[in-house]
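# the sequence isn't on hand, but the structure is:
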């Protein structure tokens, strides 16, 4: 089995755990260590993008590490995320016992497929979102004027700080903060949640995962940004229409009991 | 084409419109008039349950009339609901021009399929719900203690007035009142929304349409009811577990532009 | 100092703690034990209503016990509530160390005054509410049609399951469940929160504590109830107007560090 | 009577209405026209700050114009705001008939006093807020880590986009967008509402108008801003504690029936 290994670079415990996992599996699998992690561990490494044909990617860190890694992967690889972060909603393993878990996975595992969202502006794609893509005011506290269309139908017209379009996976992230529902990741849907809508009647919207959602920047002179998973930022122009649809490539996660959705909701969010 | 016709009995305008539609189509189609409507109009009629092989059911009334009619239908029939109610979220035509619309439909129409929810208690089914089934305290303002499980996993444990399990169609009805999201009827999902949860962290939940949702009455001595679409009521006992799953028979609606979901949300709810 | 003592009758730990407190202070103060508590402890007792001139009332139980006791008091007495309930938001002491705390109080204490709400229907007062008075549908899941007026001005017109009018003290009880804000008990205000409003734009309302709030039952044929603090129930009639104003007599609580508002919010509600 | 007159400069209708009001009252009162408005009207003018001893300030524009004008006034003057904006929640007169209304006011009027909020950082005051002061992330979609204290007590600790501290007047502005309650302007209180809190249990808080609210920027390395009424912006530093208290000078508004609070809520927000 070909296994990739990467860790959050600025966190000693994450690097230490990476070293321990490497020590445990290096004789049982073909392990590639990501360059920065490798140099911290004093072993040979190569960039994530150059690891091809991986069967499993072991990642030690938090949600931010997973989101950044997903943005860096060329093709989908099943991820085991060992939680070393504040929340770790995307992770599916706890640090304690992670070595044994990885050894078990070398005998095979089930994979959970999670759809991602693809946004595009003026025909150009931004990186696909695991959690959400947000259209947001560039000047904090300055309101935007947005129209939302679902498969060509006007669904909302609202003045607000921004509009979140999230996957079910992202329903427990920024969309939740803005008042959105919690969506079981098995539901084929996207969640559209306005950020601070200046309208009493605004409400989160759940639309088909395969639908085309458009968000249009209506009023001139307002500056806005597109932010993907809190990682990638693109400036928007007046009148821009941002189109959202299902991304071609999903993300893949190893199925574990620690990654079970409802127990994470109860443990990490309440 | 075999057409059924029924109207809200206690509303003169509804009966009048039914008479006008009957006059317009009786020479062009085989029309069966529902018994009470028929007696009000002074024509021959038969009970809804005895109309077999209908191609279309024309119904004049509001959401309550549609919900009651759906509970009375043996097999699914495509419904054209002509709005004579307060809200009419389930209707798909306005009274003005309804005669011409029905004539047009005699040449054929598209059908929209809407899943319903089946609840059962101790192995006994209650009528399937078009909008929602609610587990609710029998004594207003007396709190229940409920556990919600989704496909066997504990998803929520909360003291509350009740728990709503709704279809996407019902997301704009009682579930909306309790703070649930608006769900596009094309999404294959159910919405689980607590009624007045005594817990800051309770949040609406969107689960797969095909999942099994269980609601358990945890504490002894509390009296509760099951209410289906605000029409059917069944008393519950201590320790009862109410199971929800997709109903075998969906409801069918005629596709019309007046029935388009997002324009109804904007017109009827804001 | 004249001290009254009462406990939740159906809870052994509460009665035991009452006995222990009685043993600790009976030589240092003039103690009257409430009749039912007394008979459980095997001592002499008298009904709460016959205890006059109390300087302090020690109560062992939960919020329900405090609410019931307040409804039974003829004149305001400073309360020390020792928490033996599920939540105990109204209590201001924990069981451990309660004996020492009561001894300390015999040397004097500060009193916190909490306004209550007085509701009346057709000129007749119901008992004043410490937490809230609710106008609520008598048939669960059957909607009411209500108008709310504040000092004569129409503030809301909404179809809903009910309307909660709460004190700041009650803002962490039923009003919170219905989506209301958390109100510091020092704010001179009432909170008006609709229960399951069938209207996207309904929102909790904070009005002056001294204002007159009226809730009118608009549509005929709907049965509704008035429920005070979950304890007292009165049937309402068609067209009834329920008037709310500040109650003449406030409730009094002993000021303790365990009763501090914000630490209770963080500990008991999150 | 000494009357000041100012209008939104970039709106022809506002300037036209100002000219019409000037023509109607210039023989009946001592009118000072604000410099920019004056030059647009071709009359003599003087800066707002140089108008002393005004009995009434007539302002034609929207909420933004009123907020900017309040920030420019040295001493409180009763304001008549003639609505030429999108919302006009702060205005108290409609354009039609405004001339006659102003003439009537020359015979006297009642004044409504509205408290403002004073924020300070490191001992330096920012301009007092009529609506709200917001602590907000400088980088859209990057979360802050904030602690809120009320009179020295920790009330909330939350990761969020920002924290709004609003007056009752501002409860229908940005605080409403973030999910806050509607607060009658006669209530002596402030509203504390988190912006997109990453926590299911966060809830709006209503605190005494006279209390000291502190918001502390907890985590290092995050950039934040203080924004007053959407008009004034100040950069914040790591570890800054922002203190909020009642401003010394309130704002004054002419009492009119068009300015009645509940009718504005129903007309402008639903």
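Perfect, thanks for sending it. These figures come from a predicted structure and were not determined experimentally.
# quick one: residue A:170 is in a helix?
Yes. Counting by DSSP: H, G, I helix; E, B strand; the rest coil, residue A:170 is located in a helix.
# residue contacts, it?
Counting by Cβ atoms under 8 Å, 6 or more residues apart in numbering or on different chains, residue A:170 makes contact with A:129, A:130, A:131, A:132, A:191. C-beta: built from backbone N, CA, C; applies to glycine.
# so for the third one, what's the pLDDT?
According to the per-residue confidence, residue A:131 scores 98 in pLDDT.
# do the last one as well
According to the model's per-residue confidence, residue A:191 sits at a pLDDT of 98.
# for it, which three-state class applies?
Strictly by three-state DSSP, residue A:191 counts as strand.
# the residue nearest to it when sequence neighbours are not counted - how many residues pack around it?
In this structure, residue A:191 finds its nearest non-sequential neighbour in residue A:166, 4.6 Å apart by Cβ to Cβ, 6 or more residues apart in numbering or on different chains. Neighbourhood size, residue A:166 [other Cβ atoms under 10 Å in any protein chain shown]: 29.
# what are the bridge partners for residue A:166, then?
On the basis of DSSP bridges, residue A:166 is bridged to residue A:132, residue A:191.
# all helices of the stretch 1-150 of chain A, in order?
Here the stretch 1-150 of chain A has its helices, by DSSP state H, counting those that start in this stretch, at A:12-25, A:35-41, A:63-72, A:98-105.
# and the ones you listed as CSV, adding distance to residue C:214 and mean neighbour count?
Output for these, formatted as CSV (distance: least, Cβ to Cβ, whole Å; neighbours: other Cβ atoms under 10 Å in any protein chain shown):
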stretch, distance to residue C:214, mean neighbour count
helix A:12-25, 61, 19
helix A:35-41, 67, 18
helix A:63-72, 50, 21
helix A:98-105, 62, 18
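# and those helices: which comes nearest chain B?
Closest approach to chain B among these is made by helix A:63-72 (18.9 Å; Cβ to the nearest Cβ).
# report the angle between the closest one and helix A:12-25.
Helix A:63-72 and helix A:12-25 are oriented at 60 degrees to each other (axes from the mean of the first three to the mean of the last three Cα atoms, to 10 degrees).
# does chain D sit close to helix A:63-72?
No. Judged by Cβ under 8 Å from any Cβ of the partner chain, helix A:63-72 makes no contact with chain D; its nearest approach is 10.8 Å.
# sorry, back to before: does the residue nearest to residue A:191 touch residue A:131 like I think?
Yes. Taking contacts as Cβ atoms under 8 Å, residue A:166 lies within contact range of residue A:131: 6.3 Å.
# for stretch A:253-270, measure first residue to last.
24 Å (Cα to Cα, to the nearest Å).
# any buried residues in that stretch, and which?
For stretch A:253-270, burial by neighbour count (16 or more other Cβ atoms under 10 Å in any protein chain shown) applies to A:253, A:254, A:256, A:258, A:259, A:261, A:262, A:264, A:265, A:269.
# contacts only, for the residue nearest to residue A:185 when sequence neighbours are not counted.
Ranked by Cβ to Cβ, 6+ apart and with sequence neighbours excluded, the top spatial neighbour of residue A:185 is residue A:168, at 4.5 Å. Contacts for residue A:168 (Cβ under 8 Å, 6+ apart) come out as A:114, A:115, A:183, A:184, A:185, A:186, A:187, A:189, A:191, B:206.
# pop out the phi and psi values for the second one.
Spelled out, that is residue A:115. Residue A:115 adopts backbone torsions of phi -70, psi 150, taken as degrees, to the nearest 10.
# give me the pLDDT for residue A:9.
The score at residue A:9 is 87. That number is its pLDDT.
# next, count neighbours for it.
15.
# OK, contacts around the closest residue in space to residue A:19 that isn't next to it in sequence?
Leaving out its chain neighbours, the residue that sits closest to residue A:19 by Cβ to Cβ, 6+ apart is residue A:41, at 5.1 Å. By Cβ under 8 Å, 6+ apart, the contact list for residue A:41 reads A:15, A:18, A:19, A:22, A:33.
# for the stretch 101-250 of chain A, what spans make up the strands?
A:111-114, A:117-121, A:124-125, A:132-137, A:144-150, A:153-160, A:162-166, A:182-183, A:189-195, A:205-208, A:213-217, A:224-228, A:232-236, A:241-246 (DSSP state E, counting those that start in this stretch).
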